[in-house]
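Enquirer: 3D model of this:
(one chain, ligands or ions: 1)
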Amino acid sequence: MAGDTQVVGDTQQGADTHFGFRTVPLEAKQRMVDEVFHSVARRYDLMNDLMSMGLHRVWKDLLVSRLRPPKSDRAFRLLDVAGGTGDVSFRTVEAGGPGTSAVVADINGGMLGVGRERAQGLGLADRVEFVEANAESLPFADKSFDAATVAFGIRNVPRMDKALAEMRRVLKPGGRCFVLEFSRVDVPGLDAIYDAYSFKLIPGMGKLVTGDAESYQYLVESIRKFPPPEAFADLMRGAGFRRVAWQPLTGGIVALHSGVRI
Ligand SMILES: C[S@@+](CC[C@H](N)C(=O)[O-])C[C@H]1O[C@@H](n2cnc3c(N)ncnc32)[C@H](O)[C@@H]1O
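Expert: This is a model prediction of the structure:
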């Protein structure tokens with residue numbers, strides 16, 4: 001597969017990292033990622049449906065079913081890191097009872113703006129809060145959330161190890177962390193189809209829908225640069241999570257990683 005080396009958790013000052021297939025200084029990556037999501041924010045949700053042929057909904061629903069927000073009025077507070085336009089948070093509060101609420105933390109004001117509009121439209125503005133924040137230094141108190149999620153967001157964060165440690169810090173003991181991210185296709189034949197689809201079709205589709213092929217070129221490249229599930233599990237353990245596990249979904253296109261703060 002194209003571009004199959006990774007940088008796993010190298011966060012030293014002056015170190016290099018990947019922006020898609022390009023090697024860039026660690027300090028430069030966030031600005032480049034921010035440009036991508038500012039550019040696509042308005043069309044982000046539509047593109048998600050088109051690119052994944054609706055599958056992202058199935059993957060997110062599976063994540064919410066693993067979260068199991070209480071149906072009762074028992075308080076359950078979710079932190080959805082790199083939560084973008086709010087998809088996972090909306091699904092969680094809709095699945096939970098009246099005590100379930102969510103905070104969407106994202107570095108990008110454009111994505112959060114779309115999310116706030118969606119929350120109003122869905123009548124969920126009083127249960128889903130949007131906070132502009134960097135995953136690497138979350139502006140929340142220690143032990144203040146029952147669960148934390150990050151869906152298709154962690155690979156965009158330059159220092160993934162810091163973001164994971166921050167998620168652990170804000171979780172209450174016993175709180176669970178779920179990371180939904182693209183992974184390694186492990187079905188012979190599907191890998192070639194998936195590669196062709198990703199590199200030949202998605203950037204063109206992105207150009208048609210958002211006018212921006214480059215952002216989608218980055219997105220497909222960044223998927224290939226994301227560490228394999230074993231290496232990401234090590235990163236979660238290194239951040240202090242226990243009972244770390246992962247479940248491949250749809251032939252390994254995506255994996256649902258999980259861990260617990262003990
Ligand atoms: C592919 S989108 C995922 C959005 C949402 N979780 C979903 O599943 O639809 C990735 C998100 O990561 C956010 N992001 C990138 N770097 C970040 C950082 N350092 N801290 C917080 N959010 C970040 C982007 O702004 C973008 O909204």
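
Enquirer: what residues does the stretch 1-150 of the chain have near the ligand?
Expert: Within the stretch 1-150 of the chain, the positions near the ligand by Cβ under 6 Å from any ligand atom are 30, 33, 37, 82-84, 87-88, 106-108, 111, 134-136. All C-beta atoms are positioned from the backbone trio N, CA, C, and that covers glycine.

Enquirer: what about those residues, which are in strands?
Expert: Asp106 (DSSP state E).

Enquirer: check the residues of the stretch 1-150 of the chain next to the ligand against Ala163 and report the nearest one.
Expert: Ala135 (3.9 Å; Cβ to Cβ).

Enquirer: what residues are up against that closest one?
Expert: Listed by Cβ atoms under 8 Å, 6 or more residues apart in numbering, the contact set of Ala135 reads Val81, Ala82, Ala105, Ile107, Val150, Gly153, Ile154, Val157, Lys162, Ala163, Glu166, Met167.

Enquirer: and the gap between it and Asp212?
Expert: 23 Å (Cβ to Cβ, to the nearest Å).

Enquirer: same check, this time on Arg155
Expert: Distance of Arg155 to Asp212, computed by Cβ to Cβ: 19 Å.

Enquirer: give me the number of residues near the residue in the chain positioned nearest to the ligand?
Expert: Residue of the chain nearest the ligand, by Cβ to the nearest ligand atom: Gly84 (2.7 Å). Residues lying near Gly84 (other Cβ atoms under 10 Å) number 27.

Enquirer: quick check: chain neighbours aside, which residue is closest to it?
Expert: Met111 (4.4 Å; Cβ to Cβ, 6 or more residues apart in numbering).

Enquirer: just checking, that neighbour touches Thr85?
Expert: Yes - counting by Cβ atoms under 8 Å, Thr85 is a contact partner of Met111 at 5.6 Å.

Enquirer: more crowded one of Arg155 and Asp212?
Expert: Using other Cβ under 10 Å as the criterion, Arg155 and Asp212 rank with Arg155 on top: 22 against 18.

Enquirer: ok, the more buried one to Val254 distance?
Expert: For Arg155, the distance to Val254 - Cβ to Cβ - is 12 Å.

Enquirer: quick check: neighbours shared by the two?
Expert: By Cβ under 8 Å, 6+ apart, the residues touching both Arg155 and Val254 are Glu181, Phe182.

Enquirer: the ligand contacts on the stretch 151-262 of the chain?
Expert: Looking at the ligand, the residues of the stretch 151-262 of the chain close enough under Cβ under 6 Å from any ligand atom are Ala151, Phe152, Gly153, Asn156, Val157.

Enquirer: most neighbours of all those residues, which one?
Expert: That'd be Asn156 among these, by other Cβ under 10 Å, with 26 neighbours.

Enquirer: contacting residues for the nearest residue to that residue once chain neighbours are set aside?
Expert: Closest residue in space to Asn156, ignoring its immediate chain neighbours: Val33 at 4.8 Å, by Cβ to Cβ, 6+ apart. Contacts for Val33 (Cβ under 8 Å, 6+ apart) come out as Phe19, Asn156, Pro158.

Enquirer: just to be sure, which of those residues are found in strands?
Expert: Phe19.

Enquirer: for the residue nearest to Gly109 when sequence neighbours are not counted, give its distance to Thr210.
Expert: Counting by Cβ to Cβ, 6+ apart, the nearest residue to Gly109 once its immediate chain neighbours are dropped is Glu132, at 5.8 Å. Computed as Cβ to Cβ, the Glu132 to Thr210 distance reads 22 Å.

Enquirer: before we move on, what about Thr100?
Expert: Distance from Thr100 to Thr210, by Cβ to Cβ: 33 Å.

Enquirer: and Leu164, by the same measure?
Expert: From Leu164 to Thr210 the distance is 30 Å (Cβ to Cβ).

Enquirer: neighbour count winner among these two?
Expert: Leu164 (30 against 18).

Enquirer: mean confidence for the host helix or strand of Asp146?
Expert: Secondary structure from DSSP states H and E places Asp146 in strand 145-151. The average pLDDT for strand 145-151 rounds to 98.
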